[in-house]
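S.K.: Sequence and predicted model, in that order:
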Amino acid sequence: MCSRESYLIYLMHIATYDYVLAYVTGKHVLDLGCGTGYGTARIAGKCASICGVDISDEAITYATQKYHAPNLTFRTISKIEDKRLPFADATFDVIISFQVIEHISDTKTFLEEVCRLLKPGGLVIVATPDRSTRLLPAQRPWNRYHVTEYSDSSLVRLLSSRFPDPKLLRMSGRKAIIDIELKRTRYLKWLTLPITFPLAPEWLRLHGLDFLKRLNMKRSQKIAGTEPSYEFSENDIFIGENIHPSVNLIALARKS
């Protein structure tokens, strides 16, 4: 059985997908960075069509084999910095991209592609970790694969470069539940500070985080498809404006 911490992270993903149901109903949707596809499949029944894409061949193979619906497809893509996405201009009504933008080094190209693929008036919904509860001021990410983690102001500023008036929401939850995530991130913030402080060489950060990951590998377990019995569910997680403490940011922006 997976840990409470891992299961809560999974539920936060589920809560994000559930939140967007009202926005994707009857729409043509792209799930940009769908991973193993469980969230994509979860909302597919409400969409006119939905395509999940990811750079991981393994993840897309798993998703394609496990999830089936007439309006659901999965495709492997190249890194967005290297190659345009394999869709025509103005293909989608809604693009969702959850826990992806923090991995992107060339955010200008990322947002240009999102804008290109959206129909006029189309909506992009982005979810990303809230650095305010994960990192000290100016601290670099302790997640080995994160390029940039965003505050509310920096995420709005980034999206405003391509979209007018982004709307910012936050994710929190019932105190006993959200404290699990806050404790996890607080521990990692201080544990990794010697290698993530602002002046630390990048090689030191990467090698140090790789070492810590190897130490933790025995504890990591696959989440998709598991249903451990814990005292909480996705219903204990909240998304809204000005709620605290915030563990994730969700931004909605509409193409003009």
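M.R.: Ah, there it is. No experiment lies behind these values; they were computed from the predicted model shown.
S.K.: quick one: the helices in the stretch 151-256 of the chain?
M.R.: Ranges of helices within the stretch 151-256 of the chain are 152-160, 175-191, 193-196, 202-216, based on DSSP state H, counting those that start in this stretch.
S.K.: closest one to Asp18 among those helices?
M.R.: Closest of those to Asp18 is helix 175-191, at 15.6 Å (criterion: CB to CB). Backbone N, C-alpha and C define where each C-beta goes, glycine included.
S.K.: gap between that closest one and the chain center?
M.R.: 18 Å (CA atoms, centre = their mean, to the nearest Å).
S.K.: what are the C-alpha coordinates of it, in PDB please?
M.R.: Presented in PDB, the C-alpha positions along helix 175-191 are these (Å, rounded to 0.1, in the frame of the first residue of the first chain):
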ATOM      1  CA  LYS A 175      -6.600  20.900   8.100                       C
ATOM      2  CA  ALA A 176      -5.800  17.400   9.300                       C
ATOM      3  CA  ILE A 177      -5.300  16.400   5.700                       C
ATOM      4  CA  ILE A 178      -3.500  19.300   4.200                       C
ATOM      5  CA  ASP A 179      -1.100  19.200   7.200                       C
ATOM      6  CA  ILE A 180       0.200  16.000   5.800                       C
ATOM      7  CA  GLU A 181       1.400  17.800   2.600                       C
ATOM      8  CA  LEU A 182       2.700  20.800   4.500                       C
ATOM      9  CA  LYS A 183       4.800  18.500   6.800                       C
ATOM     10  CA  ARG A 184       6.200  16.700   3.800                       C
ATOM     11  CA  THR A 185       7.200  19.800   1.900                       C
ATOM     12  CA  ARG A 186       8.600  21.500   5.100                       C
ATOM     13  CA  TYR A 187      10.800  18.600   5.700                       C
ATOM     14  CA  LEU A 188      12.100  18.500   2.200                       C
ATOM     15  CA  LYS A 189      12.600  22.300   2.100                       C
ATOM     16  CA  TRP A 190      15.000  22.200   5.100                       C
ATOM     17  CA  LEU A 191      16.600  18.800   4.300                       C
END
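S.K.: hmm, back to that, with mean neighbour count, mean pLDDT and distance to Val24 as new columns, can the helices of the stretch 151-256 of the chain be given to me in CSV?
M.R.: As requested, the helices of the stretch 151-256 of the chain are exported to CSV (neighbours: other CB atoms under 10 Å; pLDDT from 0 to 100; distance: least, CB to CB, whole Å):
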stretch, mean neighbour count, mean pLDDT, distance to Val24
helix 152-160, 17, 97, 19
helix 175-191, 15, 95, 26
helix 193-196, 16, 95, 36
helix 202-216, 13, 87, 34
